[in-house]
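Participant: How does the following fold in three dimensions:
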Amino acid sequence: MTHKLWGGRFEAEPSQLLRRFNDSFAFDRELFEEDVEGSIAWAQALVRAGVLTQNEASTIVTGLERVPAPDAARESQTDESHEDIHAYVESKLYEDIGDLAGKLHTGRSRNDQVATDLRLWLKRAAIELEQNVIAFMHTLASIAGEEAATPMPGYTHLKQAEPITFGHWCLAYAEMLRRDRGRIVDAMARGDQSPLGAGALSGTPLDIDRQALARSLGFARATANSLDSVSDRDFAAEYLFCASLLLSHLSRMSEDLIFFTSDEVAFAELPDALSTGSSRMPQKKNPDVLELVRGHAGRIIGELTGLLAVMKALPLAYDKDLQLDKEPLFRTRATLAAALPALTAFVAGLTLNRQRMRTAASKDLLLATEVADSIARRGIPFREAHGIVSARIGEAIRAGKTLRELGPTDAIHKEDLDALDVDRALSKRMAFGGTAPQRVRQAAEDVLKQL
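Facilitator: So this is what the prediction gives:
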């Protein structure tokens with residue numbers, strides 16, 4: 001049986017054209033657990049308000065707990081059978097306990113109901129996301145400690161610049177993830193409030209203790225304004241923003257790793273279990289995980305901009321446009337739930353070619369700044385030292401030799417050329433936040449302690 005939530009004043013049945021365009025059960029079934037949870041809390045609040053007896057509430061709660069999840073009922077319930085998840089739950093409750101089910105909606109609207117469902121869902125999605133971010137940070141920090149002294153070239157403009165360590169590279173992304181985690185936590189704190197009891201837009205007429213009701217659902221507090229309560233989707237937008245910026249960071253990492261594992265660079269080997277092959281070329285080993293992360297970053301940015309465009313000109317209070325808030329959230333959570341663990345395992349599974357990394361980081365050109373610094377330490381202005389070394393590099397390139405092979409000059413002494421040592425260069429970067437192995441090990445330990 002399908003129980004209708006509205007339609008008494010209408011003489012005609014809803015057109016199938018309307019149903020196809022209007023109904024949302026095909027996707028908002030995702031909110032089933034939250035809808036049942038919110039309904040149980042509302043039934044208990046109705047007892048305290050004197051609307052339901054304890055026996056009536058017990059019957060309703062037991063009935064709600066028996067409502068089958070939509071997936072379990074899929075064989076007998078098509079997506080077209082119900083307008084939305086609220087109609088589905090109420091219909092099933094009517095089938096189980098009869099007309100008593102109609103009392104559950106007293107003083108409540110689908111407007112505050114769906115807003116509550118969505119906030120409960122978002123809280124759980126945000127907690128899940130934070131946990132996955134923490135797991136990735138832990139992996140990166142652990143690798144950073146192990147690879148604190150593994151030299152590799154650092155890049156600016158995608159040109160080799162100065163030596164760093166692979167551990168330092170890992171911690172750069174751990175810092176991005178630390179900020180991502182902070183944004184998620186901040187968004188959860190702002191969104192930790194319950195709209196239930198706001199009614200359609202003006203507040204429930206019942207004597208409901210909304211603060212107690214909010215706490216019974218695990219929220220920190222109730223929303224403060226009923227008009228805002230049913231139309232606010234800031235938490236949804238913030239979740240998508242957090243996801244967008246997080247995936248932008250993961251996309252940057254993916255681009256780095258695609259480069260590092262390319263045949264030309266070959267600083268690392270892709271993990272077999274997280275790579276794919278070619279149907280045509282038997283030698284191929286492809287970084288599909290990295291490319292998909294990079295691609296999904298663009299899609300999730302689109303989800304954020306789409307929701308912001310929906311929200312930007314809505315009059316108070318609830319408007320049907322807000323039905324379009326859910327699918328972007330559902331898609332984003334599913335993407336993150338797959339992408340973050342896959343990328344975490346991918347990074348953990350990399351096989352580093354440490355000798356190739358060290359050789360690349362030991363080139364004279366990467367260490368040219370060390371020579372300039374050495375000259376400057378003798379009291380020569382750095383700009384002058386920079387020009388001296390730059391001119392000498394030009395000579396070396398034209399001669400097809402290294403700085404060492406050209407040897408010292410009146411301006412470049414032997415001790416200046418002795419600075420062309422990658423380990424010595426790295427060990428000097430001891431300032432806080434630097435790439436000195438000792439600093440990297442300490443920074444990795446700090447991240448792990450904070451987690």
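
Participant: in a helix, that's where residue 258 is, yeah?
Facilitator: Yes: judged by DSSP: H, G, I helix; E, B strand; the rest coil, residue 258 forms part of a helix.

Participant: which residues touch it?
Facilitator: Residue 258 makes contacts with 287, 290-291, 294, as judged by CB atoms under 8 Å, 6 or more residues apart in numbering. Bear in mind the C-beta positions are built from the backbone N, C-alpha and C, glycine included.

Participant: hmm, which of the residues you listed are the buried ones?
Facilitator: 287, 290, 294 (16 or more other CB atoms under 10 Å).

Participant: Now, these that are in helices?
Facilitator: The helices, defined by DSSP state H, take in 290, 294 from the buried ones among the contacts of residue 258.

Participant: Adding pLDDT as columns, could you present the buried ones among the contacts of residue 258 in JSON lines?
Facilitator: Listed next are those as JSON lines, based on pLDDT from 0 to 100:
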{"residue": "287", "pLDDT": "97"}
{"residue": "290", "pLDDT": "98"}
{"residue": "294", "pLDDT": "98"}
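
Participant: closest to residue 205 among the buried ones among the contacts of residue 258?
Facilitator: Minimum distance to residue 205 across those is 52.4 Å, recorded for residue 294 (CB to CB).

Participant: Against which helices or strands is the host helix or strand of residue 309 packed?
Facilitator: Here residue 309, judged by DSSP states H and E, is contained in helix 288-311. When contacts are defined as 3 or more CB pairs under 8 Å, 6 or more residues apart in numbering; DSSP states H and E, helix 288-311 sits against helix 234-260, helix 326-348.

Participant: Give me the longest helix you can find in this protein.
Facilitator: The chain, longest helix under DSSP H: helix 110-146.

Participant: buried residues in that helix?
Facilitator: 110-123, 125-126, 129-130, 132-133, 136-141, 143-145.

Participant: Lowest-scoring secondary structure element of the protein by mean pLDDT?
Facilitator: Least confident element among the helices and strands of the chain, by mean pLDDT, DSSP states H and E: helix 16-22 (a mean of 85).

Participant: Which positions in that one come out as buried?
Facilitator: Using 16+ other CB under 10 Å as the test for burial, helix 16-22 gives no buried residues.

Participant: after it comes which helix or strand?
Facilitator: Scanning forward in sequence from helix 16-22 by DSSP H and E, the next helix or strand is helix 25-28.

Participant: Could you check the angle the longest helix of the chain makes with helix 326-348?
Facilitator: Calculated by axes from the mean of the first three to the mean of the last three CA atoms, to 10 degrees, helix 110-146 forms an angle of 10 degrees with helix 326-348.

Participant: Past helix 110-146, which element shows up next along the chain?
Facilitator: strand 151-156.

Participant: elements contacting the helix or strand following that next one?
Facilitator: Toward the C-terminus, strand 151-156 is succeeded by strand 159-165 as the next helix or strand (DSSP H and E). When contacts are defined as 3+ CB pairs under 8 Å, 6+ apart, strand 159-165 packs onto strand 151-156, helix 354-361, helix 422-427.

Participant: Need the ones you listed in CSV (columns: mean pLDDT and mean neighbour count).
Facilitator: CSV is the format used below for the helices and strands packed on strand 159-165 (pLDDT from 0 to 100; neighbours: other CB atoms under 10 Å):
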stretch, mean pLDDT, mean neighbour count
strand 151-156, 98, 19
helix 354-361, 98, 17
helix 422-427, 98, 19
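
Participant: Need these in CSV (columns: distance to residue 88).
Facilitator: Shown next, in CSV, are those (distance: least, CB to CB, whole Å):
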stretch, distance to residue 88
strand 151-156, 54
helix 354-361, 57
helix 422-427, 62
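
Participant: nearest to residue 92, of these?
Facilitator: Closest to residue 92 of the helices and strands packed on strand 159-165 is strand 151-156 (CB to CB; 58.6 Å).

Participant: Taking helix 354-361 as reference, get the angle to the closest one.
Facilitator: Counting by the same axes, to 10 degrees, strand 151-156 points 50 degrees away from the direction of helix 354-361.

Participant: Work out the sheet partners of strand 151-156 and label each with its direction, please.
Facilitator: Applying DSSP bridges, strand 151-156 is found paired with strand 159-165 (antiparallel).

Participant: Report the mean per-residue pLDDT for the strand it pairs with.
Facilitator: Across strand 159-165, pLDDT averages out at 97.

Participant: Off-centre distance for the next helix or strand after that strand?
Facilitator: Scanning forward in sequence from strand 159-165 by DSSP H and E, the next helix or strand is helix 166-191. The chain centroid and the centroid of helix 166-191 are separated by 10 Å under CA atoms, centre = their mean, to the nearest Å.

Participant: Which residues in helix 166-191 does the neighbour count mark as buried?
Facilitator: 166-174, 176-178, 180-181, 183-184, 187-188, 191.

Participant: Same check on stretch 26-39?
Facilitator: Neighbour count says stretch 26-39 has 27-32, 34-39 buried, by 16+ other CB under 10 Å.
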